[in-house]
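K.L.:
here are the coordinates; sequence isn't available:
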């Protein structure tokens with residue numbers, strides 16, 4: 001039993017799906033490559049400083065004149 005010939009609509013759909021799949025694969029490869037480069041460089045990203053409101057309060061210096 002032979003398969004019927006494929007309709008023209010299915011051929012166009014396949015080419016669009018193939019193009020979209022290749023574009024998606026290229027994007028995934030780009031993100032993977034950027035991740036590998038960032039990890040293997042070994043540089044630490046600078047961490048943001050804590051705001052002054054969150055920093056522990058400084059204790060006043062003891063002068064001996066405390067009431």
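P.N.:
Looks like it came in fine. Here the structure is a predicted model, which means the values were calculated and not measured.

K.L.:
What number of residues are in the vicinity of residue 10?
P.N.:
Residue 10 has 9 neighbours, counted by other C-beta atoms under 10 Å. To be clear about C-beta, it is placed using only N, CA and C from the backbone, and glycine gets the same treatment.

K.L.:
got it, and the one 10 residues further on?
P.N.:
Residue 20 has 10 neighbours, counted by other C-beta under 10 Å.

K.L.:
now it: how far from residue 35?
P.N.:
Noted for residue 20: a distance of 23 Å to residue 35, by C-beta to C-beta, to the nearest Å.

K.L.:
And residue 3, by the same measure?
P.N.:
Look at residue 3 and residue 35: by C-beta to C-beta, they are 43 Å apart.

K.L.:
Compare those two (neighbour count), which wins?
P.N.:
Set residue 3 next to residue 35 and count neighbours by other C-beta under 10 Å: residue 35 wins out with 10 against 5.

K.L.:
Give me the pLDDT for residue 33.
P.N.:
pLDDT recorded at residue 33 is 95.

K.L.:
Now it: which helix or strand?
P.N.:
helix 8-41 (DSSP states H and E).

K.L.:
which of the residues in stretch 19-29 are buried?
P.N.:
Residues of stretch 19-29 classed as buried by neighbour count (16 or more other C-beta atoms under 10 Å): none.

K.L.:
who's in contact with that stretch?
P.N.:
Taking contacts as C-beta atoms under 8 Å, 6 or more residues apart in numbering, no residue outside stretch 19-29 touches it.

K.L.:
Any idea how many residues pack against residue 17?
P.N.:
Neighbours of residue 17 (other C-beta under 10 Å): 10.

K.L.:
got it, and residue 32?
P.N.:
Neighbour tally, residue 32, other C-beta under 10 Å: 10.

K.L.:
Next, find the distance separating it from residue 26.
P.N.:
For residue 32, the distance to residue 26 - C-beta to C-beta - is 11 Å.

K.L.:
How about residue 1?
P.N.:
39 Å.

K.L.:
and what of residue 2?
P.N.:
Distance from residue 2 to residue 26, by C-beta to C-beta: 37 Å.

K.L.:
and what of residue 12?
P.N.:
22 Å.
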